[in-house]
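Chemist: Structure for the following, please:
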Amino acid sequence: MLYINAMSTEPEKKRPGRKPLPLDQKRSDRIAMRTYPDVAEKARRVGTEAVEAAIRKIKEEK
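Modeler: Residues are numbered from 1 along each chain as shown. You can find the predicted model right below:
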């Protein structure tokens, strides 16, 4: 019988993750518009500044 010692084998290499975003799309304190289409739609209707102000207000209440 052939037994393989699990400790002697190298662990399987992980696949690389997501590529980093370009600088113009990099996440910051601003809303990630490309990630949340419903937020992007609301921002189009009421204005980006109004949406960001509402989110800041909610975060400050916590």
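
Chemist: need the helices for this structure, in chain order.
Modeler: 37-46, 48-61 (DSSP state H).

Chemist: Pipe these into JSON lines and attach distance to Lys13, mean neighbour count and mean pLDDT per row.
Modeler: Where C-beta positions appear, they are placed from N, C-alpha and C, glycine not excepted. Below are the helices of the chain laid out as JSON lines (distance: least, Cβ to Cβ, whole Å; neighbours: other Cβ atoms under 10 Å; pLDDT from 0 to 100):
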{"stretch": "helix 37-46", "distance to Lys13": "35", "mean neighbour count": "12", "mean pLDDT": "72"}
{"stretch": "helix 48-61", "distance to Lys13": "39", "mean neighbour count": "11", "mean pLDDT": "80"}
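
Chemist: a markdown table for these, including distance to Pro16?
Modeler: Below are the helices of the chain laid out as a markdown table (distance: least, Cβ to Cβ, whole Å):
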| stretch | distance to Pro16 |
| --- | --- |
| helix 37-46 | 27 |
| helix 48-61 | 32 |
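
Chemist: which one of these lies closest to Pro22?
Modeler: If you check each of the helices of the chain against Pro22 by Cβ to Cβ, helix 37-46 wins as the nearest, at 17.5 Å.

Chemist: Who are the packing partners of the closest one?
Modeler: Other helices and strands packing on helix 37-46, by 3 or more Cβ pairs under 8 Å, 6 or more residues apart in numbering; DSSP states H and E, are helix 48-61.

Chemist: what angle do the helix it packs on and helix 37-46 make?
Modeler: The directions of helix 48-61 and helix 37-46 differ by 120 degrees, with axes from the mean of the first three to the mean of the last three Cα atoms, to 10 degrees as the criterion.
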